[in-house]
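[1] could you work out the structure for the sequence below:
(chains A and B)
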Protein chains: 2
Amino acid sequence: MPTAAIVGAGLVGQGWAIVFARAGWQVRLYDVAADRLAEARELVEQQLHALQAHGLLRDAAGIAVRVRTADTLDAALADASYVQENSPERLDVKRALFGELDALAAPETILASSTSSIPASLFTEHLAHRHRCLVAHPVNPPHVIPVVEISGAPWTSSEAVARTREILDAVGQRPVVVRKEIEGFILNRLQGALLQEAFRLVRDGIASVEDIDTTIKDGLGLRWSFMGPLETIDLNAPGGIADYCERYGPMYASIGATQADCPAWDGALVETLSRERRDALAAADLASRRFWRDEQLMRLMRHKQRNGETDG
Amino acid sequence: MPTAAIVGAGLVGQGWAIVFARAGWQVRLYDVAADRLAEARELVEQQLHALQAHGLLRDAAGIAVRVRTADTLDAALADASYVQENSPERLDVKRALFGELDALAAPETILASSTSSIPASLFTEHLAHRHRCLVAHPVNPPHVIPVVEISGAPWTSSEAVARTREILDAVGQRPVVVRKEIEGFILNRLQGALLQEAFRLVRDGIASVEDIDTTIKDGLGLRWSFMGPLETIDLNAPGGIADYCERYGPMYASIGATQADCPAWDGALVETLSRERRDALAAADLASRRFWRDEQLMRLMRHKQRNGETDG
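    Residues are numbered from 1 along each chain as shown, chains lettered A, B, ... in the order given. Reported below is the predicted structural model:
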């Protein structure tokens, strides 16, 4: 079985370890803070048992055996055909670390970064084997939310992109490809566009924070959790998406003309957002609500898995 | 039990009939096209049985008994304490119809329109009892997707808005209040903002239609189906939403600065969208895919209902 090296053993790295191990890969987990490694390994095992409790996998113990820690970066990379880097979101850290990875890894090993905001070109330009370097940006936690955004630098080979897509597909993730480097990739650009409008609605006194969330979770978000927004509109006009654009294009153009400004994310607006959220959920309850969220995510994934089995 | 009059017996009207009848209300279904009424009544009964088959209600037959057709508008409104209007999206039609409704209904009966795009002020200004007129915009199908946007005209009384919210809450919908008249209300403004960015990504060759849909349905859309986008970011920073705004505000401001232009929804862009969708789903399969969508929605709602039972 192939080996994945997971470099950086925080929450994201732990998630990646689970993703590869449950798909049958050998995993070598490494972190510069060696004292964190044993704990990370323990947390991986706990998460595997939680996934098993939700019916999302079998034999958590057998899977956990495949996750081993490595004392040095060299040892972590020794047999790796795929490396997933999860260091802090700092350009200087990524540049230095990718220098080491590129020097130590076999020349065709994929070097993927989990960065959510730094383009691959900024930390791989100087590398001898930069053609195999790219971003593979997961959503947290990656072992429950499957999408991964693959974004190469201009010099990343199409073969490296294609191979990464295949690997991520094979381990059960849902890779998407960002064809040109762009800030925010796809996911945060879509999220940002929606958040800016939500912030405008709150700033202008049109809707409460709670009502905006209700509009999504009991409205738009239902279809979006099993179809995308484009398939949604494709089905919402008799003749499909072209028909939809003709019918509703003028309305959305008129709305769009009022959505060009972006509110500043500070001052009175953030005070309002924060007050309404803290009225709904005390700061002291954020941690337990995160646990609830992860439980809900696992239940939803189990639901989707079962449905997938039914639909064939 | 109170009576709801459903005026306009197309798909949306049928959905509303189900919503009120399953909550124990008497329903009087009316349509200017009298020949459509018997068929509409039949379709309501079929949908009730489908909901029962998905475990979403019991005694479909007993509920169906409460849905009766009315031969005249007068007869439909006779005992109604709530009227839901579902005529075509044409201002002249709504103006004339609301004139009739206002003249025939008891003075305190709520007159609600299902319009997705016409502000209440444009078709209720001339009415004697305009204080009880408002928009109650559902998502299709309203018996499966619970959110309803309540949007009054400037002269709509706060009592009418509050009573509508209570009624819709009581029948199991999830009402939200649009505090000032605005084009697109909340839902289509949020959807529009996200669609404009999706269209930009396709126009600029950044991502395929399929990958954009995957990014939502296997990424962002999962959390959004049980939390909203604002609770999502509230949980995504250690200190909650204010902390999130401070950490990620600069990134979203930078992304937002590139999201001001709206692509024209025509020409080469629509050709690309349509070609990619038709490659994924032939035009001939749109109808069966809509049936699949509604099945998925019912399964998801059952999943959410069960979870709600578990969470208390």
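[2] so how far is B:A5 from A:S288?
    To B:A5, A:S288 is 45 Å away according to C-beta to C-beta, to the nearest Å. In this view, the C-beta of every residue, glycine as well, is placed from N, C-alpha and C.
[3] more crowded one of these two?
    B:A5 (29 against 10; other C-beta atoms under 10 Å in any protein chain shown).
[4] which residue is the nearest non-sequential neighbour of that one?
    Ranked by C-beta to C-beta, 6 or more residues apart in numbering or on different chains and with sequence neighbours excluded, the top spatial neighbour of B:A5 is B:A80, at 3.8 Å.
[5] list the contacts of the one you found.
    Counting by C-beta atoms under 8 Å, 6 or more residues apart in numbering or on different chains, B:A80 touches B:3-5, B:28, B:105-106, B:109.
[6] can you give me phi and psi for it?
    B:A80 has phi and psi values of phi -80, psi 130 when expressed as degrees, to the nearest 10.
[7] that one and B:N307: what is the separation?
    In this view, B:A80 and B:N307 are 35 Å apart by C-beta to C-beta.
[8] again with A:E166
    Going from A:E166 to B:N307 by C-beta to C-beta gives 35 Å.
[9] these two: who's more crowded?
    Taking neighbours as other C-beta under 10 Å, A:E166 and B:N307 compare with B:N307 leading, 15 against 11.
[10] surely that one touches A:L297?
    No - B:N307 is beyond contact range of A:L297, at 11.4 Å (criterion: C-beta atoms under 8 Å).
[11] can you give me the strands in chain A?
    In chain A, the strands defined using DSSP state E lie at A:3-7, A:26-30, A:67-69, A:80-85, A:110-113, A:133-138, A:147-152, A:174-178.
[12] in the first one, what's buried?
    It refers to strand A:3-7. Going by neighbour count (16 or more other C-beta atoms under 10 Å in any protein chain shown), the buried part of strand A:3-7 is A:3-7.
[13] with stretch A:33-46 instead?
    Neighbour-count burial for stretch A:33-46, counted by 16+ other C-beta under 10 Å, picks out A:36-37, A:40-41, A:43-45.
[14] just the helices in the stretch 101-250 of chain A please.
    A:121-124, A:158-170, A:187-203, A:209-215, A:221-224, A:229-235, A:241-256 (DSSP state H, counting those that start in this stretch).
[15] which one, of these, ends up nearest to B:R293?
    Evaluated over these, closeness to B:R293 peaks at helix A:229-235, with 5.8 Å, by C-beta to C-beta.
[16] what packs against the closest one?
    If contacts are counted by 3 or more C-beta pairs under 8 Å, 6 or more residues apart in numbering or on different chains; DSSP states H and E, helix A:229-235 sits against helix A:241-256, helix B:187-203, helix B:209-215, helix B:267-280, helix B:286-311.
[17] now with 10 Å?
    If contacts are counted by 3 or more C-beta pairs under 10 Å, 6 or more residues apart in numbering or on different chains; DSSP states H and E, helix A:229-235 sits against helix A:221-224, helix A:241-256, helix B:187-203, helix B:209-215, helix B:267-280, helix B:286-311.
[18] can I get the ones you listed in JSON lines with mean pLDDT?
    As requested, those are exported to JSON lines (pLDDT from 0 to 100):
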{"stretch": "helix A:221-224", "mean pLDDT": "97"}
{"stretch": "helix A:241-256", "mean pLDDT": "97"}
{"stretch": "helix B:187-203", "mean pLDDT": "98"}
{"stretch": "helix B:209-215", "mean pLDDT": "98"}
{"stretch": "helix B:267-280", "mean pLDDT": "98"}
{"stretch": "helix B:286-311", "mean pLDDT": "89"}
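[19] so which of those gets nearest B:F226?
    Here helix B:286-311 is closest among those (C-beta to C-beta), at 6.9 Å.
[20] got the buried residues for the closest one?
    In helix B:286-311, counting by 16+ other C-beta under 10 Å, buried: B:286, B:289, B:293-301, B:303-304.
[21] please apply the same query to stretch A:114-124.
    A:114-121, A:123-124.
[22] could you do stretch A:252-265 as well?
    A:252, A:255-256, A:259, A:262-263, A:265.
[23] can I get those in CSV with distance to chain B?
    Supplementary listing: those in CSV, determined by distance: C-beta to the nearest C-beta, whole Å:
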residue, distance to chain B
A:Y252, 5
A:I255, 4
A:G256, 4
A:Q259, 6
A:C262, 4
A:P263, 9
A:W265, 3
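[24] from the residues you listed, which is closest to A:P138?
    A:W265 (24.5 Å).
[25] just give the closest residue to A:A4, not the sequence neighbours.
    A:F20 (4.1 Å).
[26] mind showing which ranges of chain A have poor pLDDT?
    By pLDDT under 70, the weakly predicted segments of chain A are A:309-312.
[27] and it, what are its domains?
    Following the assignment in the TED database, chain A carries domains at A:3-178, A:186-280.
[28] tabulate those domains (CSV), appending distance to B:A53.
    Shown next, in CSV, are those (distance: least, C-beta to C-beta, whole Å):
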stretch, distance to B:A53
domain A:3-178, 24
domain A:186-280, 19
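[29] rewinding a little: format the buried residues of stretch A:114-124 as JSON lines; extra columns: distance to A:V32.
    Below are the buried residues of stretch A:114-124 laid out as JSON lines (distance: C-beta to C-beta, whole Å):
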{"residue": "A:S114", "distance to A:V32": "15"}
{"residue": "A:T115", "distance to A:V32": "17"}
{"residue": "A:S116", "distance to A:V32": "20"}
{"residue": "A:S117", "distance to A:V32": "21"}
{"residue": "A:I118", "distance to A:V32": "18"}
{"residue": "A:P119", "distance to A:V32": "23"}
{"residue": "A:A120", "distance to A:V32": "21"}
{"residue": "A:S121", "distance to A:V32": "24"}
{"residue": "A:F123", "distance to A:V32": "17"}
{"residue": "A:T124", "distance to A:V32": "20"}
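[30] got the residues of the stretch 1-150 of chain A near chain B?
    Within the stretch 1-150 of chain A, the residues that sit near chain B (C-beta under 10 Å from any C-beta of the partner chain) are A:89, A:116-117, A:138-140, A:144-150.
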